[in-house]
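In: 3D model of this:
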Amino acid sequence: MARPSWIDDDSHPDLDAHVGNLEHFANSLADGVIDAQELATQEKNLVTAMKAVEGSLNDDQHAKMTKVLAELTAYSVMRTLHEMAQAKMRPTKK
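Out: Below you'll find the predicted structure:
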């Protein structure tokens, strides 16, 4: 069975299905508010996942994954800010 790609057919990041499989993420979003405890839990999950992978990488793989993580973080921040700006520009319906 082929593993799911991280990139869709149009060459866009496609991690939504992977994120959708994170039950704790869905539970955190359920009430529409991310509280400090949920954020701390997600940080712990991230660090655990990073530690599980980091030790198994050689130097070249580590450099490549560091670049991927940095680019993903930059993209996430930029996408969030863009979407917030777009939502702000939409006229409200009365």
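In: looking at the strand or helix carrying residue 87 now, give me its mean pLDDT.
Out: Element membership for residue 87 (DSSP states H and E) is helix 59-89. Summarised as a single mean, pLDDT over helix 59-89 is 93.
In: other SSEs contacting it?
Out: Judged by 3 or more C-beta pairs under 8 Å, 6 or more residues apart in numbering; DSSP states H and E, helix 59-89 is in contact with helix 36-54. Where C-beta positions appear, they are placed from N, C-alpha and C, glycine not excepted.
In: the helix it packs on vs helix 59-89, what angle?
Out: Here the directions of helix 36-54 and helix 59-89 differ by 150 degrees (axes from the mean of the first three to the mean of the last three C-alpha atoms, to 10 degrees).
In: run a quick neighbour tally on residue 45.
Out: Other residues within reach of residue 45, judged by other C-beta atoms under 10 Å, total 13.
In: could you check how far it is from residue 17?
Out: Distance, residue 45 to residue 17, by C-beta to C-beta, to the nearest Å: 18 Å.
In: then residue 88?
Out: 29 Å.
In: with residue 25 instead?
Out: Taking C-beta to C-beta, one finds residue 25 at 12 Å from residue 17.
In: the two: who's more crowded?
Out: Taking neighbours as other C-beta under 10 Å, residue 25 and residue 17 compare with residue 25 leading, 16 against 8.
In: need phi/psi at the nearest residue to that one once chain neighbours are set aside.
Out: Nearest non-adjacent residue to residue 25, counting by C-beta to C-beta, 6 or more residues apart in numbering: residue 19, 6.0 Å away. Torsion angles at residue 19 (phi, psi; degrees, to the nearest 10) stand at phi -70, psi -40.
In: so residue 19 makes contact with residue 29?
Out: No: using C-beta atoms under 8 Å, residue 19 is not in contact with residue 29; the gap is 10.1 Å.
In: burial measure for residue 51, as a count.
Out: By the criterion of other C-beta under 10 Å, residue 51 has 9 neighbours.
In: check residue 15 too.
Out: Other residues near residue 15 come to 14 when the count uses other C-beta under 10 Å.
In: give me the distance from the helix holding residue 87 to the chain's centre.
Out: Averaging C-alpha positions (C-alpha atoms, centre = their mean, to the nearest Å) puts helix 59-89 8 Å from its chain's average.
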